[in-house]
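Colleague: need coordinates for the following:
(one chain, ligands or ions: 2)
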Amino acid sequence: MKGLAQQLSRRLEGEGFQVTTISMGDLKPNQLKKIEKLLLLVSTHGEGDPPDAAISFYEFLHSKRAPKLESLEFSVLALGDTSYEFFCQTGKDFDKRLEELGGKRIVDRADCDVDFDETATEWTNQVLAALNVGHAVASGIPVQANMSQVTGSQADRSSSTYSRTNPFMAEILENLNLNGRGSERETRHIEISLEGSDLQYQPGDCLAIYPENHPQLVQDILDAMGWSGDEQVTVNKNGEQKQVRDALLSHYELTVLTKPLLTQAAALTGHAQLQELVQAGHEAELRSYLNGRDLLDLIHDFSLKGHTAQELTSILRKIPPRQYSISSSPAAYPEEVHITVRTVNYESYGRERYGVCSTQLAKRAEVGDHLPVYIQQNDQFRLPDNPDTPIIMIGPGTGVAPFRAFLGEREETGQPAKHGSSMGTSISRPISSIK
Ligand SMILES: Cc1cc2nc3c(=O)[nH]c(=O)nc-3n(C[C@H](O)[C@H](O)[C@H](O)COP(=O)(O)OP(=O)(O)OC[C@H]3O[C@@H](n4cnc5c(N)ncnc54)[C@H](O)[C@@H]3O)c2cc1C
Ligand SMILES: Cc1cc2nc3c(=O)[nH]c(=O)nc-3n(C[C@H](O)[C@H](O)[C@H](O)COP(=O)(O)O)c2cc1C
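Modeller: Ligands and ions are numbered 1, 2, ... in the order given. The predicted model follows:
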């Protein structure tokens, strides 16, 4: 989101617009009426809820105190994930409410799935075209507009060239199981080197990892489709080619089914039952089908065999990165990042299922291997500036991870806190005791 907002600002400034980029969390209600043009970028969290930074602005805008906005021109870029029931709900809510308050759309809202770059670029191009056309018609000269762009986050502090679209190949330095022998659970403590990346983080941030699918699932899909794995497929609009085995391993999502995927599979196969499932009025059956099934189930259930590797991969979405709360303090471990990962596995429809990233980290990632990573900033989740401020940390299970980073930071910067009592997970003596 932050990267998108910054890119958009740069493009608008390059076109001669005057741009103010502001987090919704910092936007004062009385500023709203002064904004002429508003580009609102927002994701959806929870079950169709606004992200933390947007909550107060969302509530204000939906309250009776919200002003009339008849002179406002706006457009919304909504970020979300089609695997959620309430896809891009917050963006949809803002879009609807701004219209109700009298605002006029610059261009229609765009709803982005997890792989948002293409949709976001298209929306940006449309916004720029509409604004430039608007100016030409209104005044005949390229003018500056008072543009406010409301985003969910602050300016980026890292100077690194590595990012979500250009991840750093980071070396694994340590990979330990924290659970005792015989435990049903597996939780890994993983240390990763950021040396040479210039990537910086603060306690509260996450490490995002692009995972690889389980090789056995890939083989099972190849077998089910009757492919050797060597078939070439084009994986993006730039014409990049890969062997289908590699594309299934690292490029495409295989373990989550979404409505857009089923809709495209229905069109591809012409399967009557699948076509019925994606029609309006069948939402409950659709949700029930999507839950706990993966691409291999879809292939078996609706006989996708017979379609080419290109046909099938063209309807898959890109595998999204997984986020892990960083459990180290950068003050204590410069150029390193530690994470605490619980291995996900469960049985569904008679087959053992493996969480993609957590299983890769637990079962296949070895010391010396490299992982594509980037830092996901989380400005809403920080230690208080004043070290005397009392803190209550609630972190069940691997939820303890960021608190290890908080405690490590306090220890390293010589700001020990007074201890209260702790319950359950021992957060006053965190995982650092394993070292
Ligand atoms: C901000 C943030 C911070 C996070 N921090 C941490 C952290 O510090 N440590 C950590 O371990 N994780 C953390 N996570 C979760 C992590 O990102 C991954 O979601 C988790 O590791 C699972 O990913 P995976 O690829 O292994 O599993 P996936 O392949 O993504 O599978 C997980 C999915 O499997 C499905 N599933 C799971 N169990 C069942 C079941 N019994 N029946 C049916 N379906 C099921 C669910 O749909 C679930 O979403 C964090 C997530 C976020 C958003
Ligand atoms: C806990 C959680 C809940 C989410 N809930 C939804 C949801 O209800 N609807 C949706 O479309 N996307 C949902 N998403 C997906 C996010 O909107 C999507 O990943 C987005 O790109 C996040 O952008 P951000 O990290 O900048 O907030 C959720 C993500 C998380 C981590």
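
Colleague: quick one: pLDDT of the residue of the stretch 1-150 of the chain found nearest ligand 2?
Modeller: Residue of the stretch 1-150 of the chain nearest ligand 2, by C-beta to the nearest ligand atom: G80 (2.4 Å). For every residue, glycine as well, the C-beta is placed using N, CA and C. For G80, the model assigns a pLDDT of 97.

Colleague: give me the distance between the nearest residue to it once chain neighbours are set aside and ligand 1.
Modeller: Excluding its sequence neighbours, the residue lying closest to G80 (C-beta to C-beta, 6 or more residues apart in numbering) is C88, at 3.7 Å. Remark: distance between C88 and ligand 1 (C-beta to the nearest ligand atom, to the nearest Å) = 17 Å.

Colleague: for C88, what are its contacts?
Modeller: Each residue near C88 by C-beta atoms under 8 Å, 6 or more residues apart in numbering is listed here: 44, 78-80, 111-112.

Colleague: do R245 as well
Modeller: By C-beta under 8 Å, 6+ apart, the residues touching R245 are 218, 222, 229-230.

Colleague: count of neighbours near the residue of the stretch 1-150 of the chain closest to ligand 2?
Modeller: Applying other C-beta atoms under 10 Å, we find 23 residues neighbouring G80.

Colleague: repeat that for the one 5 residues further on.
Modeller: Neighbour count for E85, taken as other C-beta under 10 Å: 12.

Colleague: could you find the closest non-adjacent residue to Y201?
Modeller: Using C-beta to C-beta, 6+ apart, the closest residue to Y201 is I375 (4.8 Å).

Colleague: now the one you found: how far from T269?
Modeller: Distance, I375 to T269, using C-beta to C-beta, to the nearest Å: 41 Å.

Colleague: ok, the two, which is more surrounded?
Modeller: Neighbours were counted for I375 and for T269 using other C-beta under 10 Å; I375 has more, 24 against 18.

Colleague: my guess is that one meets C206, correct?
Modeller: Yes - using C-beta atoms under 8 Å, I375 is in contact with C206, at 7.4 Å.

Colleague: residues in contact with Y252?
Modeller: 213, 235, 313, 316-319.

Colleague: got the domain boundaries for the protein?
Modeller: Split into domains by automatic domain parsing, the chain comes to 2-151, 168-211+321-434, 215-313.

Colleague: could you confirm whether the longest one reaches ligand 2?
Modeller: If I follow you right, that is domain 168-211+321-434. No - Domain 168-211+321-434 stays clear of ligand 2 (C-beta under 6 Å from any ligand atom), getting no nearer than 6.8 Å.

Colleague: close to ligand 1, is that domain?
Modeller: Yes - interface with ligand 1: domain 168-211+321-434 contributes 206, 211, 322-325, 340-342, 344, 346, 348, 355-359, 398, 401 (C-beta under 6 Å from any ligand atom).

Colleague: can you give me the strands in the stretch 301-435 of the chain?
Modeller: All strands of the stretch 301-435 of the chain, identified by DSSP state E, counting those that start in this stretch, fall at 322-325, 336-342, 345-348, 351-354, 370-376.

Colleague: winner for burial among the ones you listed?
Modeller: Ranked by mean neighbour count under mean count of other C-beta atoms under 10 Å, the strands of the stretch 301-435 of the chain are led by strand 336-342, which reaches a mean of 23.

Colleague: got the angle for that strand vs strand 370-376?
Modeller: Relative orientation of strand 336-342 versus strand 370-376 (axes from the mean of the first three to the mean of the last three C-alpha atoms, to 10 degrees): 100 degrees.

Colleague: quick one: strand 336-342 to chain centroid distance?
Modeller: The chain centroid and the centroid of strand 336-342 are separated by 18 Å, computed with C-alpha atoms, centre = their mean, to the nearest Å.

Colleague: what's the average pLDDT for that strand?
Modeller: Here the average pLDDT along strand 336-342 is 98.

Colleague: so what touches it?
Modeller: Residues outside strand 336-342 that contact it (C-beta under 8 Å, 6+ apart): 170, 173, 178, 185-195, 201, 207, 324-328, 357-358, 361-362, 373, 397-398, 400-401, 404-405, 431.

Colleague: 6 Å instead?
Modeller: The contact list for strand 336-342, computed with C-beta atoms under 6 Å, 6 or more residues apart in numbering, reads 187-194, 207, 324, 326-328, 358, 361, 398, 401.
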